[in-house]
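S.K.: the sequence isn't on hand, but the structure is:
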């Protein structure tokens, strides 16, 4: 008889190395990439006198203004986002809720020029709302200046904050909700026991993310800022590098930006990622919150309606502006239609892999965060956001200097664009998955360990069921962000092969304003489609789960 | 918002576009509005390939400034044979890199508003900076820069930032050419008429001007040609200013490290022929660099024709740009 080797009964991918290794590689390379990008500039030029920075009136103003507008935008975005998320969690049956959610997801992925065009159509000097306001009230509203900058930043970021916060609030364990409901907790007490513990976990990360986005904002600040008094550090860096060819100064300013944003991240993630202590079973949709009825209901409905309008009106402007162009393309067919179809396919060929890549990377980095102890978890949080903190132009130039001699011409264009788009989406996707992935309570973890539910099996049976919906949403964000991306692709793609956003900019550059408006509308429609499609499986799941919940409640009752 | 990742990592992958380095490939670094499908690029490529038995490849960089930046970074190892898309604002800095070679071709056929004798740069089109206005909102536009500067606050205009945009820098030089040392004060006087200062021409034109946010925007004197010829509307016109208009000339040049100098010179020569130039008027919406005769679209006869061409020597611009920018910043930041 031949000797049969003992089959190893270890679960696939259960070695601790699998949980730390890949994440460490990704986090490490993101940090290394960022630092190398800035360092390469310094290697080309010497660091100028640092004292010059503090003595320069212009730069002083720039830094002060940047911090001020970013802080203001962040606070307003978070406050509004939190109120919206609370209203949404109180009113699970608000009509049009899922449309509102899709719009909240969509706004972040909109190319700046489309969003600004929509906002101007509503809030601008000739905007609808401005006209209504000036007709009925004495308020004189001026979009251009700090007003406009903050408004646009809130338009982009409040929905993002609201969406992530809503997900955190919805993950409050059912038993806890039931107890709160039975005790009739309201107001401060309900907030203190139910909502705040859920919000507290994700709020610092969102705050850091939104602050970084507003701090490094560029085109919005210039278009709506009114003049050079509204200049962010990013503009000054662009100027130093592109016009003055002053590598030293660009690197110095980039370091200042990196330090400010990096400090915010370190500060914020210091307290994040606390372990969830309460046992979590299934999410329950059926437990009514005591504060969801009566006047609260009216208040919430009004708030949600206003917020829906805030997001919807600019999109309607885009719709009206784009309809003639898009209709003529659809009716006339021919080249413009073929171009649009090609661009759409090309966009998806980049965006879907980019989305998948970002979700996978985020999972690996988060696995590192949950297994690797505090320092590693902090490192991983900051690392995913690092590429956001350094101006792309600095990173691009620096990496070009570093890598070109080694890499030469062997690049696969579209694959590389997908890869970079995926990395760009990482900070957002990580924020979305952080809550659900780390919300596993100690008891469950211990039980899983005892059962030997490790590696792939743990992932399949423990994480996957509760991560399905967050994963689909994360995938939607990753795909959507890549779909709406103009910057990276603009510099990689050849002009004969544009993606949808590149097509839009090409049309703009050639005065094809009507066509461009049509393309902008098409892009919005595509984004809507992506977010709707990825939310579909989650929706169906919700229906089934509802049934199972009822069964489980019965079973629990019998045991009791 | 993540679209702000304008140039991220771009540098690394761009050379792939220049990948196919056959013996008969001419690589031209240019910017998107030239190479786009609606731009002159595709027509020019087809016409040139017909006569050269070669392949013409465009490497598309984000702007004229990016072309220059790329050239500097690559130095002697550059893939470019020709750079096309620099202008009078960037050409002096490009000259100082020492990476450009004399074109050695005759510039006699040029038809520019000024005498052009440059051993490195071959003009391929030109235009005047001008304020384009919406005739429905503003029936009586200012007739001079002075009138604009002193206009009541009700007249709001959109301009571009000289730190990030070519027309933006154009206006800075225009003000300097007209007002000299007084430019700072005049900028201050103008500032209450400026609705906003956008990053790029597209941001202002599409998001603001075409949305009716302001009746006037800094653009080119040739912009109305497109609206008249293609959009079939006379609604948008350029305002002619009594002091004259600032000139922009877009240029191409031969790259010194190129191994295709003969072919590159052939291309530079080709620039000054009708086969290249006929793509310029309506596709680049600029004046052609040579006289096109009957081939010049009729709408070009209906554009403003400034009495005086304003132009500051590019070498002076390169030297003074930084201090002029500081002057502008100091005037505009209270």
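M.R.: All right, it came through fine. In this text, all values refer to a predicted model and were calculated from it rather than measured experimentally.

S.K.: doesn't residue A:102 make contact with residue A:311?
M.R.: No. With contact defined as C-beta atoms under 8 Å, residue A:311 does not count as touching residue A:102 (9.8 Å). (C-beta placed from N, C-alpha, C; glycine too.)

S.K.: stretch B:145-152 vs chain A: in contact?
M.R.: No. Judged by C-beta under 8 Å from any C-beta of the partner chain, stretch B:145-152 stays clear of chain A, getting no closer than 15.5 Å.

S.K.: and for that stretch, what's in contact with it?
M.R.: Residues outside stretch B:145-152 that contact it (C-beta atoms under 8 Å, 6 or more residues apart in numbering or on different chains): B:131, B:142, B:155, B:157, B:174-175, B:178, B:186, B:189-190, B:193, B:241-243.

S.K.: one more time with 6 Å, if that's ok
M.R.: With C-beta atoms under 6 Å, 6 or more residues apart in numbering or on different chains as the test, stretch B:145-152 has contacts from B:142, B:178, B:186, B:189, B:190, B:193, B:241, B:243.

S.K.: over to stretch B:239-251?
M.R.: Stretch B:239-251 is contacted from outside by B:86-88, B:91, B:121, B:123-131, B:133, B:141, B:144-145, B:170, B:173-174, B:178, B:304, B:306, B:308-311, using C-beta under 6 Å, 6+ apart.

S.K.: among these, which ones are buried?
M.R.: Buried by 16 or more other C-beta atoms under 10 Å in any protein chain shown: B:86-88, B:91, B:121, B:123-131, B:133, B:141, B:145, B:170, B:173-174, B:178, B:304, B:306, B:310-311, out of these.

S.K.: which element is the residue lying closest to residue B:275 once chain neighbours are set aside on?
M.R.: Distances taken as C-beta to C-beta, 6 or more residues apart in numbering or on different chains place residue B:47 nearest to residue B:275, at 4.4 Å, with adjacent residues excluded. In the assignment (DSSP states H and E), residue B:47 maps to helix B:41-52.

S.K.: confidence score at residue 175?
M.R.: I'll assume chain A. For residue A:175, the pLDDT comes out at 71.

S.K.: other chain: chain B
M.R.: 95.

S.K.: ok, residue A:501 - contacts?
M.R.: A:111, A:486.

S.K.: look up how far residue B:292 lies from it.
M.R.: Residue A:501 sits 34 Å away from residue B:292, going by C-beta to C-beta, to the nearest Å.

S.K.: do residue B:188 as well
M.R.: Taking C-beta to C-beta, one finds residue B:188 at 43 Å from residue B:292.

S.K.: nearest residue to residue A:195 in space, please, no chain neighbours.
M.R.: Distances taken as C-beta to C-beta, 6+ apart put residue A:169 closest to residue A:195, at 6.1 Å, once the chain neighbours are dropped.

S.K.: likewise for residue B:223?
M.R.: Once flanking residues are discounted, residue B:223 sits nearest to residue B:132: 4.9 Å by C-beta to C-beta, 6+ apart.

S.K.: packing partners for the helix holding residue B:47?
M.R.: Counting contacts by 3 or more C-beta pairs under 6 Å, 6 or more residues apart in numbering or on different chains; DSSP states H and E, helix B:41-52 is packed against strand B:55-60.

S.K.: what is the strand it packs on packed up against?
M.R.: Strand B:55-60 packs on strand B:25-30, helix B:32-35, helix B:41-52, going by 3+ C-beta pairs under 6 Å, 6+ apart.

S.K.: pairing partners for it, with directions?
M.R.: If you go by DSSP bridges, strand B:55-60 pairs up with strand B:25-30 (parallel).

S.K.: okay, now the unreliable bits of the stretch 51-200 of chain B?
M.R.: Low-confidence segments of the stretch 51-200 of chain B, defined by pLDDT under 70: none present.

S.K.: near chain A, which residues of it? Just list them.
M.R.: Counting by C-beta under 6 Å from any C-beta of the partner chain, the positions of the stretch 51-200 of chain B adjacent to chain A are B:60, B:62, B:65, B:73, B:163, B:195, B:196, B:197, B:198, B:199.

S.K.: just the buried residues of those residues.
M.R.: Buried members of those, scored by 16+ other C-beta under 10 Å, are B:60, B:62, B:65, B:73, B:163, B:195, B:196, B:197, B:198, B:199.

S.K.: need the helices for the stretch 201-334 of chain B, in chain order.
M.R.: Ranges of helices in the stretch 201-334 of chain B, per DSSP state H, counting those that start in this stretch, are B:201-202, B:223-229, B:261-271, B:274-277, B:280-283, B:314-332.

S.K.: coming back round to it: of the residues of the stretch 51-200 of chain B next to chain A, closest to residue A:58?
M.R.: Ranked by distance to residue A:58 (C-beta to C-beta), these are led by residue B:163 at 11.1 Å.

S.K.: assumed that closest one was part of a helix.
M.R.: No. Under DSSP: H, G, I helix; E, B strand; the rest coil, residue B:163 sits outside any helix and is assigned coil.

S.K.: tell me the spacing between the closest residue to it other than its chain neighbours and residue B:95.
M.R.: Distance criterion C-beta to C-beta, 6+ apart; nearest residue to residue B:163, sequence neighbours excluded, is residue A:239 at 4.3 Å. Residue A:239 sits 21 Å away from residue B:95, taking C-beta to C-beta as the criterion.
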